Each structure stands twice: as structure tokens, then as C-alpha cells.
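In: fold the following.
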Amino acid sequence: MQNTKPKVSIIMPTYNRAAYIGETVESIRNQTYQNWELIIIDDGSDDNTEEIISQTNDERIRFYKAGRIAINGKIKNTGIRKACGDLIAFIDSDDLWEPSKIEKQVAALEKYPEAGFSLTGGYNFRKLNEPLDFFYKQKEGIRYGDIFIPIFKSEISTTTPSLMLRKECFDLAGAFDETKPFSDIDFILKLASHFRAVVLYEPLLYRRLHEANDSKANWIKGYHQGIEMIQSHKKMLPAKISRDALFRLYVNFGEDCLLHTERGRAIKNFFLAWKNKPFSIVPFKKTGKAILHWLINKKSGSNEQPVNINIPAEPWQKNKLPKRILAIRLQAMGDVTITLPYLQHLRNSLPASTRIDFLTRKECEDIPKNILLFNKVISIGGGRSFKKQLLHTVFLLPKLLWRRYDVVIDLQNNNLSELVRKTIRPHAWSVFDRFSSNAAGERTRLTIEATGLIRNAIDPDFHFKKHIDPITILKNNGWNETSELVVLNPAAAFPTRNWPLENYVSFAQLWLHRFPNSQFLVLGTSFIETKAAWLKEKLGKKMIAIINKTTPSEAFAILQKVKFVLSEDSGLMHMAWVSGVPTLALFGSTRSDWARPLGKNSFFLDSSDLSCGNCMQETCKWGDVHCLTRYSPEVVFTHAYSLVQK
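Out: Predicted coordinates:
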């Protein structure tokens with residue numbers, strides 16, 4: 001009978017995988033081996049993951065909400081503690097299993113009772129039934145025995161969704177490491193150091209690739225984890241094995257760098273590969289390839305960096321990554337917000353052991369303190385008085401010195417940030433160019449890159465601390481929970497930056513004609529209270545006004561839930577585009593070259609084509625603010641519709 005077979009507990013961590021988790025669960029329910037339980041540990045998802053699972057009527061499936069943990073090993077350990085089975089398996093919530101996977105692994109472990117665990121073959125895919133690359137060249141057969149050394153020889157694929165182990169293995173090998181963001185390979189190495197394994201070469205795991213798991217940040221993480229893995233096990237390995245492992249890692253990472261046009265980093269890694277195998281010709285051939293790429297690009301006239309930018313810097317030169325980084329942006333709220341997606345990309349490109357702290361002013365600390373990005377946010381008091389700010393900074397200097405920062409990224413570039421940087425005297429540093437005509441976001445990206453640590457980009461996937469609850473705030477203020485939200489933000493500081501208020505109403509009517517299931521939202525302070533009341537009067541129940549009811553971080557969290565933002569030049573506009581929300585910015589007298597939003601989900605209308613454009617004046621010398629009134633609601637809606645259709 002089926003229930004005489006050992007029970008298999010399947011642990012599935014998940015976070016915002018509503019698009020895929022249904023398929024993954026069905027691939028488990030379709031297994032030929034049916035004596036299993038599925039334990040889903042939700043790591044604080046804010047999509048409809050729970051709703052999808054609740055529609056699956058299967059008593060073998062248990063769903064647990066763990067809150068936001070964000071540590072892979074800790075999530076898995078939570079599931080292990082809830083497991084009742086004799087055998088433990090793992091699956092990611094976007095991957096698939098071949099229908100006979102469990103059956104074949106259970107049979108293999110029964111055939112080889114001295115094996116503590118089993119791994120399988122598989123392949124990566126983007127479209128179903130279209131394999132991109134297989135884990136092994138051979139597609140059938142079994143390997144049994146000690147695989148610890150073969151892992152370092154790249155003979156074994158170490159991915160936990162292919163893993164099945166006997167529960168008693170935890171008694172000797174221990175659980176997953178909870179101090180690292182990703183500890184899968186480390187755990188499999190612990191198993192391999194204590195137990196024999198049975199490897200099924202047949203492709204029984206189908207690993208889905210998508211933007212969230214196949215990013216540049218992930219391959220950089222994989223590189224650093226590989227270095228750490230080899231170095232931490234060096235004493236257990238023959239010298240030749242560790243040298244060969246490092247050689248392969250450096251060569252492969254150098255190739256990845258070439259694919260991402262990071263030729264300098266590629267050559268550096270080919271040199272490191274040569275140091276491990278001085279008589280190999282491979283590093284020389286790879287270096288020649290990198291130089292050839294550079295010559296071809298130089299000949300074609302490509303430019304990787306704007307010419308009119310000046311970023312003083314002392315790049316990081318050491319082989320080991322820095323342990324402590326201090327980023328500085330003191331003012332103002334919108335400018336602080338611009339730095340966040342770039343610093344988040346830096347955070348996700350470095351190991352969790354690297355601490356990143358943030359220095360800002362007290363008035364700007366709320367958002368940095370309430371997102372899961374920085375290890376510590378340090379604030380300078382003193383209000384708007386420079387003398388008081390300077391005094392607060394001087395008192396902070398001993399504390400900053402004590403923290404021994406390896407790298408300082410000065411994204412402010414004023415007297416206070418210079419004082420901090422020069423007092424700390426880090427090994428590496430870079431300084432923001434305040435005067436370039438490039439966009440602030442682009443200058444931020446290049447300043448981070450100038451440290452020599454990574455190739456920087458925007459990462460808008462923000463996560464908030466538990467007490468930030470945007471859904472409740474929206475519901476308490478009139479959101480019906482089903483309508484799509486559109487933010488209208490007539491919040492620019494001066495008349496020369498204000499689009500006529502009646503145009504917002506006409507825009508809203510055009511929007512409702514195309515998207516009837518919508519509500520409009522005004523977020524802000526008493527500065528726009530009168531405008532919000534007027535819009536509420538004109539749009540009735542279709543308008544939600546949340547004025548003086550949110551902190552900056554709560555407003556930032558609410559923006560993650562909206563469909564579109566139409567905004568004048570303000571801090572909220574920057575909060576929107578850095579979050580990846582489709583954003584149309586309306587610039588009047590503002591210099592759009594400095595303040596414009598970046599990324600594929602943003603667009604702006606400005607005055608740079610006019611003889612009086614970018615005037616930066618508070619009042620229009622012509623009296624009609626033509627730079628904004630020329631953009632009709634119909635024109636603005638056409639651009640808005642194009643953005644959301646992307």
C-alpha cells in the first residue's frame with residue numbers, strides 16, 4: 001500500500017511568487033508518489049500568493065505566514081521544524097518537478113541505505129518545454145558515493161530543489177546557516193562531508209529563469225559565495241583541488257564580466273586565474289578576447305560614461321570585499337529617495353556579511369529607517385542651522401571612526417560630508433558630482449560605480465518593516481480594495497511648476513473612460529490640502545485624499561500599490577519612479593536635466609525646447625506658464641496610457 005512508503009516532507013519557501021506558485025504546487029500534486037506533505041513558508045508576500053494556495057483543496061498542503069525574514073536558511077529551517085516526514089525535500093515556488101521525481105529519489109535512497117541524501121539532474125528554462133541548459137551532459141544513470149571533492153571539481157550540481165535527504169541527517173550535519181542570505185551550497189557541502197550521496201543524472205528538476213532570479217546581482221552573489229565556499233573549506237581540500245576550483249571560478253566570472261561589458265574586471269579575474277595555474281594558456285586567451293572587445297568598442301565610438309561628469313574617487317583595490325560601507329546623503333527627502341534603488345542594487349550585489357550604513361539628516365531619516373536596506377541609519381540633527389549641523393557632526397565623528405568603514409560613498413558632496421569622509425580616511429571612496437548636467441540618478445549610479453565594487457543599476461524592489469501597513473491606511477481612507485489607484489500630485493513648490501488644477505480633473509475623466517475601475521489618490525501635507533479638497537469636490541468618491549495622515553515611509557509604501565503616478569516636480573515624484581511605478585513627471589521651470597525620472601517606466605514633459613525654458617524662476621515673466629499650459633489633458637493622457645501599456 002502507498003502509505004507504507006516513507007512520508008516525504010516538501011519545504012517550499014515563497015515570496016511574491018503568485019505568478020508561478022500555482023504551477024509549482026500542481027507539479028507536486030501530479031507526482032506519481034503520493035505520500036507527501038507540502039509545507040509552504042511565506043516570507044511576507046504582499047501579492048495574492050495566499051489566495052492562490054487557499055483555492056487548492058488538498059489537506060496535504062499547509063501554509064504558514066512567517067512575516068518578512070529574508071534569510072533563505074532561516075526560512076527553510078522554519079519549514080524543517082514543522083516537517084513530519086521521514087524524508088525531506090525542497091522546492092522553490094517558481095520551479096517544477098518531473099512527475100516521477102519523488103518516486104525515483106525515494107527508490108534510490110531505499111536501494112542505497114547508506115546514502116544520506118540524493119540529488120538529481122535538471123535544466124533551466126524560460127518557456128515551458130524549452131530547455132536552455134542541462135545540469136549534466138548525461139541524461140541517465142546513477143552515481144553513488146562520496147561527492148565532497150567532486151563538488152569542488154564542478155562534477156556535481158548543488159541545487160536544493162533537486163535535494164532529498166533523510167531527516168536524521170540534520171542530527172549530524174546541522175541545519176541551514178541562518179547568518180547568510182543564501183546558504184544552500186554550504187548546507188549541501190555539510191551533508192557531503194558527513195554522508196554518501198546517490199545522484200540521479202536524469203533531468204527531474206525544471207528550474208525557471210526570470211528577472212528576479214537571473215539578474216546581474218545574482219551572478220555577482222554567486223561569485224562571492226563561490227570564493228567564500230572554497231576559502232572556508234581550503235584546509236579540507238588537496239591544494240591542487242582548491243587551486244583548480246579557484247581557477248574555474250575566476251575564468252567563469254571573467255566571462256560573465258565580459259558579457260556585461262566589464263572588461264577591466266574580466267581581465268582582473270583572468271589574472272587571478274593565471275595566478276592559480278601559471279602554466280595554463282587559458283587566462284592569456286581570455287585576456288586577449290577582453291582586449292579585442294575593448295578595441296572593437298573603442299573603434300565603434302561607444303561611450304560607457306558621460307563625458308561631462310567629474311567624480312573624484314579612490315577605487316577599492318583589495319581582493320577581499322569590504323566589510324563596512326558608509327553611504328552619505330544628507331538632504332533633501334527627494335534626493336535621499338533617489339539614492340535608494342542604487343544603494344539597494346549595491347546591497348543585493350554584495351554578501352550579507354558586508355554592512356552598509358547610511359548617514360543623513362534627521363529630517364530625512366524616516367524612509368531609510370523603515371525599509372529593509374541598511375544595517376544602520378545614522379542621523380545628523382541641527383535643523384536648518386549649519387552651525388548646529390556641524391556641531392552634531394563633530395559629536396558623531398568618534399562613533400563613525402569606531403565603526404571603521406572600509407568604503408565611504410559621498411552622495412552629498414558638501415562641507416559636512418567632506419569632513420566625515422576625510423576624518424574616517426577609508427580605503428576607498430567616491431564623491432558625487434553636484435554640478436554636472438546629468439540626471440541625479442545617473443550621477444548617483446556612477447558615484448557608486450566609481451568605488452570599483454560593482455557595475456551599478458536601479459533595483460526598485462523595496463521591502464518595508466512590519467509596522468508599515470499601506471493597505472490598512474488606504475482602506476481607512478476610502479479605497480474599495482478592488483479599484484486600481486492613480487496618484488495625482490499637484491505639489492510643485494512654485495506657480496511656474498504647477499499644471500492647471502482643472503487639467504487634472506479633465507485627465508481623470510479621460511482616464512476613467514479608458515479604465516473605469518480606478519480611484520484617484522492625493523497624498524501629502526497641508527501644503528496641498530486646498531488643492532486636494534477641490535479635486536475631491538470635483539471627482540467625488542473616485543478621489544481619495546490622504547493629507548497629513550502618513551509618514552514619508554508610509555507614503556512611500558502606498559506608492560508601491562498604485563498603477564500610475566502623474567506628478568509635478570516634488571519628492572513624491574522621485575518616490576514613484578525609484579519604485580518602478582509608471583510615472584509621468586510635469587516640469588515647468590525646473591531643470592529637467594537634473595531632476596528628471598529615469599528608467600523604462602517613466603516619462604517627462606519639460607520646457608527645455610523653449611527659449612525661456614528651464615528658467616528656475618518662481619513666477620513666469622510672460623504671465624501664463626506656457627511651458628506647462630501647452631500640454632493639454634489629452635496630450636498628457638496619451639503619454640500616460642503609453643506608459644501603463646508597457
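In: just checking, next helix/strand downstream of the helix or strand of the chain with the lowest mean pLDDT?
Out: Counting by mean pLDDT, DSSP states H and E, the chain has its least confident helix or strand at helix 282-299, which shows a mean of 72. Going down the chain from helix 282-299, the next helix or strand is strand 313-314, by DSSP states H and E.
In: can you list the strands that the next helix or strand after that next one pairs with?
Out: Using DSSP H and E, the helix or strand that follows strand 313-314 towards the C-terminus is strand 324-328. Strand 324-328 pairs in its sheet with strand 355-361 (parallel), strand 407-410 (parallel), by DSSP bridges.
In: of these, which stretch is the most buried?
Out: Among the strands paired with strand 324-328, strand 407-410 has the highest mean neighbour count (mean count of other C-beta atoms under 10 Å), at a mean of 28. Bear in mind the C-beta positions are built from the backbone N, C-alpha and C, glycine included.
In: distance from the chain centre to the following helix or strand past that strand, please.
Out: Per DSSP H and E, the first helix or strand lying C-terminal to strand 407-410 is helix 415-424. Helix 415-424 sits 29 Å away from the centroid of its parent chain (C-alpha atoms, centre = their mean, to the nearest Å).
In: list the helices and strands helix 415-424 packs on?
Out: If contacts are counted by 3 or more C-beta pairs under 8 Å, 6 or more residues apart in numbering; DSSP states H and E, helix 415-424 sits against strand 324-328, helix 386-402, strand 407-410, strand 428-431.
In: mind naming the longest helix for this structure?
Out: Looking across the chain with DSSP state H, the single longest helix is helix 239-259.
In: okay, buried residues for that one please.
Out: 241-254, 256-258 (16 or more other C-beta atoms under 10 Å).
In: count the neighbours of the closest residue to I220 other than its chain neighbours for me.
Out: Closest residue in space to I220, ignoring its immediate chain neighbours: S349 at 4.7 Å, by C-beta to C-beta, 6 or more residues apart in numbering. Residues contacting S349 under the criterion other C-beta atoms under 10 Å number 25.
In: same thing with P312?
Out: 13.
In: so it touches V431, yeah?
Out: Yes: counting by C-beta atoms under 8 Å, V431 is a contact partner of P312 at 4.6 Å.
In: where do the strands sit along the stretch 1-150 of the chain?
Out: Here the stretch 1-150 of the chain has its strands, by DSSP state E, counting those that start in this stretch, at 8-14, 36-42, 61-65, 87-90, 96-97, 115-125, 131-134, 142-145.
In: could you dump these to CSV with mean pLDDT and distance to K422?
Out: Formatted as CSV, those follow (pLDDT from 0 to 100; distance: least, C-beta to C-beta, whole Å):
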stretch, mean pLDDT, distance to K422
strand 8-14, 97, 45
strand 36-42, 96, 47
strand 61-65, 95, 48
strand 87-90, 98, 49
strand 96-97, 96, 55
strand 115-125, 95, 48
strand 131-134, 84, 49
strand 142-145, 96, 58
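In: any idea which of those strands gets closest to K167?
Out: Nearest of the strands of the stretch 1-150 of the chain to K167, taken as C-beta to C-beta: strand 87-90 at 5.6 Å.
In: what packs against the closest one?
Out: The helices and strands touching strand 87-90, judged by 3+ C-beta pairs under 8 Å, 6+ apart, are strand 8-14, helix 101-111, strand 164-166.
In: buried residues, the strand or helix carrying F507. List them.
Out: F507 belongs to helix 501-514 when assigned by DSSP H and E. Within helix 501-514, the residues scored as buried using 16+ other C-beta under 10 Å are N503, Y504, V505, S506, F507, A508, L510, W511, L512.
In: so which elements touch it?
Out: Packing partners of helix 501-514 (3+ C-beta pairs under 8 Å, 6+ apart): strand 484-489, strand 518-524, helix 529-539, helix 633-645.
In: now with 6 Å?
Out: Applying 3 or more C-beta pairs under 6 Å, 6 or more residues apart in numbering; DSSP states H and E, one finds that helix 501-514 contacts helix 633-645.
In: contacting residues around the helix it packs on?
Out: By C-beta atoms under 6 Å, 6 or more residues apart in numbering, the residues outside helix 633-645 that reach it are N503, S506, F507, L510, F564, P582, L584, F603.
In: what residue ranges in the stretch 1-150 of the chain score low on pLDDT?
Out: Along the stretch 1-150 of the chain, segments meeting pLDDT under 70 span 1-3.
In: pull out the buried residues from stretch 37-49.
Out: Buried-residue list, stretch 37-49, by 16+ other C-beta under 10 Å: E37, L38, I39, I40, I41, D42, D43, G44, S45, D46, T49.
In: oh, I was asking about stretch 486-495
Out: V486, V487, L488, N489, P490, A491, A492, F494.
In: got a list of what the last one touches?
Out: To tie it back to what came earlier, the one meant is F494. If you count contacts by C-beta under 6 Å, 6+ apart, then F494 has E618 around it.
In: what about it, distance to V625?
Out: 10 Å (C-beta to C-beta, to the nearest Å).
In: cool, and the second one?
Out: When distances are taken as C-beta to C-beta, V487 and V625 turn out to be 22 Å apart.
In: can you list the buried residues of stretch 486-495 in JSON lines and add pLDDT and distance to P516?
Out: Shown next, in JSON lines, are these (pLDDT from 0 to 100; distance: C-beta to C-beta, whole Å):
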{"residue": "V486", "pLDDT": "96", "distance to P516": "12"}
{"residue": "V487", "pLDDT": "96", "distance to P516": "18"}
{"residue": "L488", "pLDDT": "96", "distance to P516": "17"}
{"residue": "N489", "pLDDT": "94", "distance to P516": "22"}
{"residue": "P490", "pLDDT": "93", "distance to P516": "23"}
{"residue": "A491", "pLDDT": "90", "distance to P516": "26"}
{"residue": "A492", "pLDDT": "87", "distance to P516": "29"}
{"residue": "F494", "pLDDT": "82", "distance to P516": "35"}
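In: dump stretch 609-620 to CSV, keeping only the CA atoms.
Out: Included here for stretch 609-620 are C-alpha records, laid out as CSV according to Å, rounded to 0.1, in the frame of the first residue of the first chain:
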residue,chain,number,x,y,z
ASP,A,609,12.7,73.3,-26.0
LEU,A,610,11.6,76.8,-25.3
SER,A,611,13.8,79.9,-25.4
CYS,A,612,12.8,80.7,-21.8
GLY,A,613,12.9,77.1,-20.7
ASN,A,614,14.5,75.7,-17.5
CYS,A,615,14.4,79.2,-16.1
MET,A,616,14.2,78.1,-12.5
GLN,A,617,12.1,81.2,-11.7
GLU,A,618,9.2,81.3,-9.2
THR,A,619,7.0,83.4,-11.4
CYS,A,620,6.6,83.4,-15.2
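In: next one: that stretch to chain centre, how far?
Out: In terms of C-alpha atoms, centre = their mean, the centre of stretch 609-620 is found 38 Å from the chain centre.
In: quick one: buried residues of that stretch?
Out: For stretch 609-620, burial by neighbour count (16+ other C-beta under 10 Å) applies to G613, N614, C615, C620.
In: and which of these is nearest P470?
Out: N614 (34.9 Å).
In: residues in contact with the closest one?
Out: R591, S607, S608.
In: the last one: how many residues sit nearby?
Out: Read it as S608. When neighbours are counted by other C-beta under 10 Å, S608 registers 13.
In: next one: the first one
Out: By other C-beta under 10 Å, 17 other residues sit near R591.
In: where are the low-confidence patches of the stretch 301-450 of the chain?
Out: Checking the stretch 301-450 of the chain against pLDDT under 70 turns up 301-308.
In: go again using 80 as the cut-off
Out: Residues of the stretch 301-450 of the chain meeting the criterion pLDDT under 80: 301-309, 437.
In: report the separation between S553 and L246.
Out: 43 Å.
In: please parse this protein into its domains.
Out: 2-210, 218-299, 313-449, 470-645 (automatic domain parsing).
In: save these as CSV, and put in distance to A457 too.
Out: Listed next are the domains of the chain as CSV, based on distance: least, C-beta to C-beta, whole Å:
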stretch, distance to A457
domain 2-210, 17
domain 218-299, 10
domain 313-449, 5
domain 470-645, 10
